[in-house]
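S.K.: sequence first, predicted model second:
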Amino acid sequence: MYGDETRAKTVLYTALFAALIAVGGWISLPVFAVPFTLQSLFVILASCVMHKKAVYPVLLYVGAGLLGLPVFHNGLSGIGVLFGPTGGFLLGFIPAAFISGVLFAKEKDIAAAVSAVLIYDAAAVLWFMLTASASFPAAFIACVLPYLAGDAVKAAAAVLAARRLRRMHD
């Protein structure tokens with residue numbers, strides 16, 4: 001009526017999910033080389049709700065952290081975190097949000113959630129190999145193996161949320 005409702009929703013969801021991803025970084029359990037956080041859950045949920053536009057809150061989140069706001073895991077910030085051993089997750093969140101968002105829009109919920117996990121985990125492993133001079137098995141053990149159960153729970157939660165939201169809108 002008074003403006004572009006779609007744009008307003010995009011701005012609102014962008015701010016909301018960027019904040020949730022940041023909060024997810026503060027909910028952190030230091031496990032092995034990489035802390036367990038809820039950031040990835042909110043990246044997948046953003047994809048579920050915003051579809052391909054889920055890349056916006058992820059870019060806002062990463063940009064805020066690069067500018068020095070304490071939004072990365074455990075309140076960290078700065079380019080050092082991005083170029084550190086856990087930076088691959090942050091970089092992987094960007095394509096994960098977009099690709100899984102495209103799949104959620106096509107109602108391929110399981111493929112969407114699984115693709116998000118595969119994309120950010122692959123980015124994390126590659127990045128860890130580069131920054132820590134680690135072998136593939138060592139990077140896989142550090143970045144993926146301890147978190148498989150948690151990633152499965154996060155993916156399942158996103159699939160359930162997608163289906164619930166779709167039923168609410170029908």
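M.R.: Sure, I can see it. Numbers count the residues shown, from 1 in each chain.
S.K.: shaky segments in the chain?
M.R.: 1, 32-33, 170 (pLDDT under 70).
S.K.: ranges for the strands of it?
M.R.: Along the chain, counting by DSSP state E, strands occupy 28-29, 36-37.
S.K.: what does the last one rub up against?
M.R.: Residues from elsewhere that reach strand 36-37, judged by C-beta atoms under 8 Å, 6 or more residues apart in numbering: 24-25, 27-29, 73, 146-147, 150. (Glycine included, C-beta is placed from N, CA and C.)
S.K.: in helices, which of the residues you listed appear?
M.R.: 24-25, 150 (DSSP state H).
S.K.: just checking, residue 163 touches residue 109?
M.R.: Yes: here residue 163 reaches residue 109: they are 6.4 Å apart, a contact under C-beta atoms under 8 Å.
S.K.: please say which of those two ends up with more neighbours.
M.R.: Set side by side, residue 163 and residue 109 show more neighbours around residue 109, with 20 against 13, by other C-beta atoms under 10 Å.
S.K.: residues in contact with the more buried one?
M.R.: 48, 103, 158-159, 162-163.
S.K.: quick check on these: which are buried?
M.R.: Buried members of the contacts of residue 109, scored by 16 or more other C-beta atoms under 10 Å, are 48, 103, 158-159, 162.
S.K.: tell me which of those residues is nearest to residue 41?
M.R.: Closest approach to residue 41 among the buried ones among the contacts of residue 109 (C-beta to C-beta): residue 158, at 7.2 Å.
S.K.: as JSON lines, the strands of the chain with distance to residue 93 and mean neighbour count would be great.
M.R.: Below are those laid out as JSON lines (distance: least, C-beta to C-beta, whole Å; neighbours: other C-beta atoms under 10 Å):
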{"stretch": "strand 28-29", "distance to residue 93": "16", "mean neighbour count": "13"}
{"stretch": "strand 36-37", "distance to residue 93": "11", "mean neighbour count": "20"}
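S.K.: closest to residue 95 out of those?
M.R.: Here strand 36-37 is closest among the strands of the chain (C-beta to C-beta), at 18.8 Å.
S.K.: direction included, what does the closest one pair against?
M.R.: Strand 36-37 sits in its sheet next to strand 28-29 (antiparallel), going by DSSP bridges.
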